[in-house]
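Q: Return a 3D structure for these sequence lines:
(chains A and B)
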Amino acid sequence: MESEQLFNRKGYYRNSYNSIASASSDEELLDGAGVVMDFHTSEDDNLLDGDATSPGSNYAMSNGGGVVSSTTHLLDFLEEPIPGVGTYDDFHTIDWVREKCKDRERHRKINAKKKESAWEFTKSLYDAWSGWLVVTLTGLASGALAGLIDIAADWLNDIKEGICLNAMWFNHEQCCWGSNETTFAERDKCPQWKSWAGLILGQEEGPGSYIMNYFMYIYWALSFAFLAVLLVKVFAPYACGSGIPEIKTILSGFIIRGYLGKWTLLIKTVTLVLAVASGLSLGKEGPLVHVACCCGNIFSYLFPKYSKNEAKKREVLSAASAAGVSVAFGAPIGGVLFSLEEVSYYFPLKTLWRSFFAALVAAFVLRSINPFGNSRLVLFYVEYHTPWYLFELIPFILLGVFGGLWGAFFIKANIAWCRRRKSTRFGKYPVLEVIFVAAITAVVAFPNPYTRQNTSELIKELFTDCGPLESSQLCQYRSQMNGSKAFVDAMPNKPAGPGVYAAMWQLCLALIFKIIMTIFTFGLKVPAGLFIPSMAIGAIAGRIVGIAVEQLAYYHHDWLVFREWCEVGTDCITPGLYAMVGAAACLGGVTRMTVSLVVIVFELTGGLEYIVPLMAAVMTSKWVGDAFGREGIYEAHIRLNGYPFLDAKEEFTHTTLARDVMRPQRSDPPLAVLTQDDLTVVELQGIISETSYNGFPVIVSKESQRLVGFALRRDITIAIENARRKQEGILLTSRVYFTQHAPTLPADSPRPLKLRSILDMSPFTVTDHTPMEIVVDVFRKLGLRQCLVTHNGNVLGIITKKNILAHLEELKEHTAPLASAWYYHKKRYPTSHGPDGKSRPRQHHVQLVPSFPGRQHSDDDEESEEEVMHLLDGRSFTL
Amino acid sequence: MSSRREHGSRFLLSCLLFVLLCEIVSFANASKSFEDVRCKCICPPYRNITGHIYNRNVSQKDCNCLHVVDPMPVPGHDVEAYCLLCECKYEERSSNTIKVTIIIYLSVVGSLLLYMLFLLLVEPLIRKHEPYIQPLHNEEDSEDMRPQHEGGAAAQGRANTVLERVEGAQQRWKKQVQEQRKTVFDRHKMLS
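A: Numbers count the residues shown, from 1 in each chain, chains lettered A, B, ... in the order given. Below you'll find the model as predicted:
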């Protein structure tokens, strides 16, 4: 990290102010491990989508050009728009307020023009409809891609075992689809499907063929895993992982270029299939959300309304994530609620409707593709009709406790492991790690039939209730049927047969195996979702509990609880339902979702009568999990990676003031500001090249440090470059002014440069005595990027989102009473006005010229400051 | 430049639409073909008859035990009782969709593999003389020291022919991937 800093600083001086992006500013993210992070970038292209523009053409960006500068009350719209102004760098946070203003202005403009001509009217119609169009396209694409992933993953997964001889594109089930040779006991055997042993050795049974199958299983698992990690590493490193923490961060207003780009989409789709097929303990549901968001981002480029406005784009992404969950679980409503509860940051009603529509379209497309051949959207769709009884709430709540404990344990263990990967040398070998984990998984998984099969199929088997039509091992009860009973529905509880006991211990082993492997799998550098393994763990535990309760009810039907509800010879316990409740509880413990999870699960079952057990279990699991740690796995990963995510759910309960958080602090170097009309171009460039801050407040003059506005570093750079290319007579000694009219200049001076169009005239300000709870609320609710701190109208400092996050982190670590700290600051910071109530005269003025002695403070850049500016003498200023 | 970006995204969009179209076309074409419908009846063990699965290709309205279970294993008076136990399900699939999907998937994986081999093996050999091409697996941070212009300005200045433009885009893409790789694998700032 040190050396990187060094490199960057070198590059920095060399490219002087051209490399506006190498600023190490927005980036000092908070690290859960306490390590200060920095995102260095040198690319400068369009937002979110990484591979779209050239890095060398910083200043010819079309994003946002013309839109910003037309915001009447913010910016001067008489100026012709400068292309590129109003866009963001990689790893920067967006300003929601500014983006929303931009959109309203654009809307007003289109509305005003609407009546002029038929063409303008059509354009306004197109604009009004583009929101629905883009979510329709997103839904179509995510549905189609989900179908592709489902079909390909099923096929590739079965390739591990064998191949369909007459049509190699069929998976095992489809291969035997029309076959008449299947028997009641062995439903998946048919001559068309050949196992590898049968194909290579010519015999299907025997120890030799077992070993051969074992070997081929491991071979295929390893090759799929290797291929997946290789593709990820070579083509799109951003395609690894689940993607939900990053999408949450992006939706909260962060720019990660390339994260939702087309290469990420392509590679994620392709490697997701490989990763699922490799038998690793992971699922495709989380990555499907990422895939859908990529589709949303790519389609939003077709519509200027969305491609040029980061806040509007995030509305599309919210809808896309709903579509993703909709196709992942076949639960359109659950998808909308997931988007609302878990991932979205800003979710107006309009987005709700669009999410609903996107989810609908996606589900419809997936249903038409019919990837599983069961006319359902998911493999493990089940239908129960048996009722449940009140006493069963006790085992359901116990399952909830288990889910909460598992969630807390998993989060702790997985974060510890990921931190180890992040901070030690062991993280240097991602490919080896994947292969190693895949090898262990394959070697251990094969002997146990419950771990050998696809996890979705395992969940399906566990969810399915035993009926007379079932022949699986789990349903081998000792039959008391004497053949004369001719009813199907009411299967009485029966004593477990040897098959069930065998299944029990196999399931116990599978449970332990899944628990261990999932901890090490989540975080590998392949696309890896968490939903399916968590659900599998819960389903296994639930099924075990269900069978236990069932046997209890059989052997002790004279107990009070059972006597009341469970008559002899009737079916009162449904083990499949327990599996489902367990799955929901475990998923709830890991993700800490509640409403959306219950809705997703009940959409899976198509029965409303199980909502109460599900709610009880999910709520219990959330309570138990929250007792051990309040954050879900996604928040934990956000914190581990230090993304700038300001959680809207947490409450700020401390008593600090704005000036305790603002930069510059007491010990910091003084800050840089710009004056509105007495800087030259070279001086401005000097300030920009010597500081790494992303924005500078503009003040009236050195004498009166009253606030005029706020100018972003990126905009200034772009504007100067643009002016020097396009306007004649702009020299290095030209005067720069932010005022409406040019200052009076000597006759021989070169033409001045007007930069009013890039000046934000309405920066958000608070006074230095504003309590931080208000400031945090303002940041959360308005989605601010930065906020200036003033005293008597004079600029004192700045608070950015990163500062607030750093502050929150600090407070979390030192939970000492804060009053003393505040008192300490109060003592150290006398008010900025003198004893007579007037502002103290300032002996030192704002430092603006390149002779600024700020070179020595290069190590300060590692501190977490964003758009902090230097005033020469911070102490005298903040006094 | 923005036109190039649009070009790129349009290319991808057309690919996506193509996949979509293939899915839809294949679905529309073949969903009703002969082997793509079945009526599957599962009959559990009954008296001394073992359980059996019947699989027939009949229309949806004929999908019941009486039409599908043939030959009937029980005498006439027992047929009703036996058939009450059986569960018949009418199912459709589209084998063409599956075929097209698998073929698309395999060809995408194949072309990615070929391209990867090209990038890793062939290209370094071809371009040995061009000093600014970095090998793809670069673990050091050396490109921080590289001159700024190589990826961008140079490529843009001579972006005349289609080939050169493609090459420029490829270079830019490579740089971006390298940056991503450093972020994810070396610095562990994301996705760890």
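Q: Verify the stated contact: A:S734 with A:L684.
A: No - between A:S734 and A:L684 there is no contact under CB atoms under 8 Å: 9.8 Å. Where C-beta positions appear, they are placed from N, C-alpha and C, glycine not excepted.
Q: Please say which of the two ends up with more neighbours.
A: Using other CB atoms under 10 Å in any protein chain shown, the more surrounded residue of A:S734 and A:L684 is A:L684, with 26 against 23.
Q: Report the separation between that one and A:G695.
A: 14 Å (CB to CB, to the nearest Å).
Q: Equivalent analysis for A:G582, please.
A: Distance from A:G582 to A:G695, by CB to CB: 51 Å.
Q: Could you do A:D668 as well?
A: 16 Å.
Q: Who has more neighbours out of these two?
A: Legend: neighbour count by other CB under 10 Å for A:D668 and A:G695, higher for A:G695 (25 against 17).
Q: Please identify which helix or strand holds A:F121.
A: helix A:118-159 (DSSP states H and E).
Q: List the strands paired with the following helix or strand past that helix, with their directions.
A: For helix A:118-159, the following helix or strand on the C-terminal side (DSSP H and E) is strand A:162-164. Each strand paired with strand A:162-164, and its direction, by DSSP bridges: strand A:193-195 (antiparallel).
Q: Okay, strands next: where are they in chain B?
A: For chain B, strands defined by DSSP state E occupy the ranges B:37-43, B:52-56, B:87-92.
Q: And for B:L84, the neighbour number?
A: B:L84, neighbours per other CB under 10 Å, totals 13.
Q: Tell me how far it lies from chain A.
A: 6 Å (CB to the nearest CB, to the nearest Å).
Q: Now for A:A636: which residues touch it?
A: A:32, A:411, A:414-415, A:629 (CB atoms under 8 Å, 6 or more residues apart in numbering or on different chains).
Q: deepest of the strands of chain B, which one?
A: Comparing the strands of chain B by mean neighbour count (mean count of other CB atoms under 10 Å in any protein chain shown), strand B:37-43 comes out on top with a mean of 21.
Q: Quick one: check that strand for contact with chain A.
A: Yes - looking at strand B:37-43 against chain A by CB under 8 Å from any CB of the partner chain, the contacts come from B:38, B:42-43.
Q: okay if I get those residues as TSV plus distance to A:M517 and pLDDT?
A: Formatted as TSV, the residues of strand B:37-43 next to chain A follow (distance: CB to CB, whole Å; pLDDT from 0 to 100):
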residue	distance to A:M517	pLDDT
B:R38	37	84
B:I42	34	84
B:C43	39	83
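Q: between those, which is nearest chain A?
A: B:I42 (4.8 Å; CB to the nearest CB).
Q: List the contacts of the closest one.
A: A:184, A:469, B:51, B:53, B:86-87.
Q: run the last query once more with 10 Å
A: The neighbours of B:I42, taking CB atoms under 10 Å, 6 or more residues apart in numbering or on different chains as the test, are A:182, A:184, A:187, A:467-471, B:51-55, B:85-89.
Q: try A:K412
A: For A:K412, the contact set (CB under 10 Å, 6+ apart) comprises A:519, A:628-629, A:636.
Q: Show the low-confidence segments of chain B, by residue range.
A: Low-confidence segments of chain B, defined by pLDDT under 70: B:1-34, B:128-159, B:192.
Q: Check the gap between A:P332 and A:G324 for me.
A: A:P332 sits at a distance of 11 Å from A:G324 (criterion: CB to CB).
Q: Quick check: A:T87 is in a strand.
A: No - assessed by DSSP: H, G, I helix; E, B strand; the rest coil, A:T87 does not belong to a strand; its assignment is coil.
Q: That one is in contact with A:I758, isn't it?
A: No - contact between A:T87 and A:I758 fails when scored by CB atoms under 10 Å: they sit 11.9 Å apart.
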